[in-house]
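Task: produce atomic coordinates for the following.
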Amino acid sequence: MPNELSECADVVELVSAYLDGELAAPVADAVGAHLARCPGCTTYFAQVRSTVEQVRTLEADDLPASLRDDLMEAFRSEVRR
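Numbers count the residues shown, from 1 in each chain. The predicted structure is shown next:
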């Protein structure tokens with residue numbers, strides 16, 4: 001991966017790993033540099049970060065069983081693709 005990410009698609013692919021601190025320093029630096037100059041990706045990053053923070057506060061009992069079952073089936077279907 002180049003030290004400079006110019007494509008928004010590159011950044012979108014790496015946002016979760018960037019948030020989790022899982023990227024090698026040069027790649028993390030490149031993502032940070034892209035976010036510093038790209039308002040669209042900055043907005044996307046803020047939305048993902050907010051969603052992750054909100055989801056982390058949920059307890060299993062916060063979701064109705066039927067919704068949890070529907071979500072699990074959707075995830076299983078996606079994995080089977």
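
Could you measure from the spatially most central residue of the chain over to residue 31?
The geometric centre of the chain, computed from its C-alpha atoms, lies nearest to residue 16 (C-alpha atoms, centre = their mean), at 3.4 Å. Noted for residue 16: a distance of 11 Å to residue 31, by C-beta to C-beta, to the nearest Å. From N, CA and C alone the C-beta is placed, and that goes for glycine too.

what's the answer for residue 61, then?
Counting by C-beta to C-beta, the gap from residue 61 to residue 31 is 35 Å.

One more: residue 80?
From residue 80 across to residue 31, the span is 31 Å (C-beta to C-beta).

Show me which of those two is the more surrounded one.
residue 31 (23 against 6; other C-beta atoms under 10 Å).

Next one, pLDDT for that one please.
Note for residue 31: predicted pLDDT of 94.

same deal with the one 4 residues further on?
For residue 35, the model assigns a pLDDT of 94.

residues in contact with it?
Shown in contact with residue 35 (C-beta atoms under 8 Å, 6 or more residues apart in numbering): 11, 41-42, 45.

Need those in CSV (columns: secondary structure, neighbour count and pLDDT).
Formatted as CSV, the contacts of residue 35 follow (DSSP: H, G, I helix; E, B strand; the rest coil; neighbours: other C-beta atoms under 10 Å; pLDDT from 0 to 100):
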residue, secondary structure, neighbour count, pLDDT
11, helix, 22, 91
41, helix, 21, 94
42, helix, 14, 95
45, helix, 20, 95
